[in-house]
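J.: Generate coordinates for the sequence data below:
(4 chains)
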There are 2 protein chains.
Amino acid sequence: MAQVKNTYQFEDLLEKHQLKKTGARLRVLSMMYAKNTATSQPDLESVMHDIDRVTLYRILNVFEEKGIIHKVFDLNGTANYAVCSSGCHEHHHHDEHLHFNCTACKGVFCLNELSLPSINLPAGFQASGFTLYASGLCPKCSAR
Amino acid sequence: MAQVKNTYQFEDLLEKHQLKKTGARLRVLSMMYAKNTATSQPDLESVMHDIDRVTLYRILNVFEEKGIIHKVFDLNGTANYAVCSSGCHEHHHHDEHLHFNCTACKGVFCLNELSLPSINLPAGFQASGFTLYASGLCPKCSAR
DNA sequence: AATACTAATGCAACATGATTGCATTTACCA
DNA sequence: TGGTAAATGCAATCATGTTGCATTAGTATT
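T.: Okay, here's the model as predicted:
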């Protein structure tokens, strides 16, 4: 879901994680918080032409390490990133929700409101995290 | 699960799908049926040095189209392929089972015996397929 | 068994995303 | 307002995925 924030809140967020408040990081944050779908690095590159690919790569990496965003792969296996819900902490992500891949618009939706039912694994398997993927049509695309 | 088959059965399998019985295809089949984890193309390349990358790529693609194997992404977003269970048909995969990624040995396990609980999606979303991913330690790695 | 036809393969080349090293710049604290 | 470590930009490399085309090989037919 889109979580509206202003620049001051983004600055606080960076400060909280001991990250310097740079223009690139603030722009990435504002873009990711403004949309309700996950964002791939190519998505960011197509908008922020003046920021180097490697810089974006490292921004996404450090945001993931700090628990600000989490990574989710789309149907092509390319990494997408979405703003974490409140349950995320550094080095301990809590993205056990449903990731919906729209086959038409290629959007990746994080449906945080859905909780996963408990799963019993076969003997010997020790799971540290679950992620449920669904593919199909998102509301906009299915309305056509 | 490892499904033991002999060469004649692999030839029948290819014939059934109107695919020519070539050495490369038979070797890929025997390797994939022999193991109980999913196989990436780099895995195949590291063993079958004499077969071209592109050939392996196309073999995996045609096997997936025919419903012989199905694709599953590992934690790095690279494609892995596993032998389909009985429920798979051409252009209509039935891989709605649990995919387990071992963070230690990097193995990808398809746990066909587990069926997914039913999921209620938010209004507007129309799902055509589900896949559940778990990450953690497989039996061998957790035993250490 | 020889032939012909189509599918399958190998090779070259290209595309995209991920990743590292290093020099330069910038944020921020003393 | 410097000084310092972090952040950025640039160049380069690697891995995987993908297409086109010439050659080879499987298979059906005679």
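
J.: Got phi/psi on the residue lying closest to residue A:81 once chain neighbours are set aside?
T.: Leaving aside its chain neighbours, residue A:81 sits nearest to residue A:69 (4.5 Å; criterion: C-beta to C-beta, 6 or more residues apart in numbering or on different chains). C-betas here are computed from N, CA, C, even on glycine. In terms of degrees, to the nearest 10, the main-chain angles of residue A:69 are phi -130, psi 170.

J.: Quick check: closest non-adjacent residue to the one residue sitting closest to the centre of chain A.
T.: Nearest to the geometric centre of chain A sits residue A:82, at 1.3 Å (C-alpha atoms, centre = their mean). Once flanking residues are discounted, residue A:82 sits nearest to residue A:38: 4.0 Å by C-beta to C-beta, 6+ apart.

J.: okay, now that neighbour: neighbour count?
T.: 25 (other C-beta atoms under 10 Å in any protein chain shown).

J.: ok so, going back, I figured the residue nearest to the centre of chain A hits residue A:33, correct?
T.: No: the pair residue A:82 / residue A:33 is not scored as a contact, 10.1 Å apart, by C-beta atoms under 8 Å.

J.: where along chain A do the helices fall?
T.: A:7-16, A:23-34, A:41-47, A:53-65, A:139-142 (DSSP state H).

J.: Can you list the buried residues in the third one?
T.: Spelled out, it's helix A:41-47. Within helix A:41-47, the residues that qualify as buried by neighbour count (16 or more other C-beta atoms under 10 Å in any protein chain shown) are A:41, A:43-44.

J.: can you tell if that helix touches DNA strand D?
T.: No: Helix A:41-47 does not reach DNA strand D (C-beta under 7 Å from any atom of the strand); its nearest approach is 11.1 Å.

J.: Mind listing residues that contact that helix?
T.: The set of residues external to helix A:41-47 that reach it, using C-beta atoms under 8 Å, 6 or more residues apart in numbering or on different chains, is A:28, A:31, A:51, A:53, A:56-57, A:60, A:78-79, A:81.

J.: State the mean pLDDT of that helix.
T.: Mean per-residue pLDDT for helix A:41-47: 95.

J.: buried sites along stretch A:126-134?
T.: Buried residues in stretch A:126-134 (16+ other C-beta under 10 Å): A:130-134.

J.: how about stretch A:28-42 as CSV, C-alpha atoms only?
T.: What follows is stretch A:28-42 as a C-alpha-only set of coordinates in CSV (Å, rounded to 0.1, in the frame of the first residue of the first chain):
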residue,chain,number,x,y,z
VAL,A,28,14.6,6.5,-4.1
LEU,A,29,12.7,6.5,-0.9
SER,A,30,10.1,8.9,-2.1
MET,A,31,9.6,7.0,-5.3
MET,A,32,9.2,3.6,-3.5
TYR,A,33,6.9,4.9,-0.8
ALA,A,34,4.7,6.6,-3.4
LYS,A,35,3.7,3.4,-5.2
ASN,A,36,1.9,0.3,-4.1
THR,A,37,3.9,-2.1,-6.3
ALA,A,38,7.5,-3.3,-6.0
THR,A,39,10.2,-1.5,-7.9
SER,A,40,13.0,-3.0,-9.9
GLN,A,41,16.3,-1.3,-10.4
PRO,A,42,15.6,-0.8,-14.2
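
J.: so does that stretch get close to DNA strand C?
T.: Yes: judged by C-beta under 7 Å from any atom of the strand, stretch A:28-42 comes into contact with DNA strand C through A:40-42.
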